[in-house]
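Engineer: Fold the following for me, if possible:
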Amino acid sequence: MARKKLVEHNALVQAIEMGTPQSEIMERFGFKTVPALKTAYYNGLVALGKIEDVNTKRKKKNVDTKIRVNGKGSLVIPKKLVDHLGIDPEDVFEVVKNSTGLELRKAERPPKTILRKRAQPPMPRKASNYSRLPN
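Structural biologist: Numbers count the residues shown, from 1 in each chain. Predicted coordinates for the structure are as follows:
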């Protein structure tokens, strides 16, 4: 791809708006082809704020909203859909069946239960332990 030619935008736009012949403008600014001149003119208009630049950004692709059930019976939600919906990996859902199909509703996460060991009664001493004690 050819390098972008550095041109004084204001001078180029003025020359074209004054009606200077195309061949003279090309010779004066050093353009070899008409498309190069047109591109420089367009870039000059954009740089001076006379026209708006063309939007060259690509549209975002639609996210596939299909969820499938794997062999173990788990619902598989694609990563792109999780990111698009803003679902946290720790979220809990309940599934509700209605007339139109299935519905996922966010459910409250059950509180964590901490299991503690029961206090064990002290072990009784054996007679042999008593014999070792000093009198």
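Engineer: for this structure, where's the lowest mean pLDDT among helices and strands?
Structural biologist: helix 127-132 (a mean of 61; mean pLDDT, DSSP states H and E).
Engineer: Let's verify the most centrally placed residue in the chain: helix, strand, or coil?
Structural biologist: Nearest to the geometric centre of the chain sits Asp83, at 7.2 Å (CA atoms, centre = their mean). Secondary structure assignment for Asp83 (DSSP: H, G, I helix; E, B strand; the rest coil): helix.
Engineer: Could you pull out the strands in the protein for me?
Structural biologist: Shown for the chain, the strands assigned by DSSP state E span residues 68-69, 75-76, 92-98, 101-107.
Engineer: and those as a markdown table, adding mean pLDDT, mean neighbour count and distance to Glu8?
Structural biologist: In this view, the C-beta of every residue, glycine as well, is placed from N, C-alpha and C. Conversion of these to a markdown table gives the following (pLDDT from 0 to 100; neighbours: other CB atoms under 10 Å; distance: least, CB to CB, whole Å):
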| stretch | mean pLDDT | mean neighbour count | distance to Glu8 |
| --- | --- | --- | --- |
| strand 68-69 | 91 | 9 | 60 |
| strand 75-76 | 89 | 11 | 59 |
| strand 92-98 | 90 | 10 | 62 |
| strand 101-107 | 89 | 10 | 60 |
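Engineer: got a markdown table for those, with distance to Val54 too?
Structural biologist: Below are the strands of the chain laid out as a markdown table (distance: least, CB to CB, whole Å):
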| stretch | distance to Val54 |
| --- | --- |
| strand 68-69 | 40 |
| strand 75-76 | 40 |
| strand 92-98 | 43 |
| strand 101-107 | 41 |
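Engineer: distance between stretch 21-31 and the chain's centre?
Structural biologist: With CA atoms, centre = their mean, to the nearest Å as the basis, stretch 21-31 stands 46 Å off its chain's centre.
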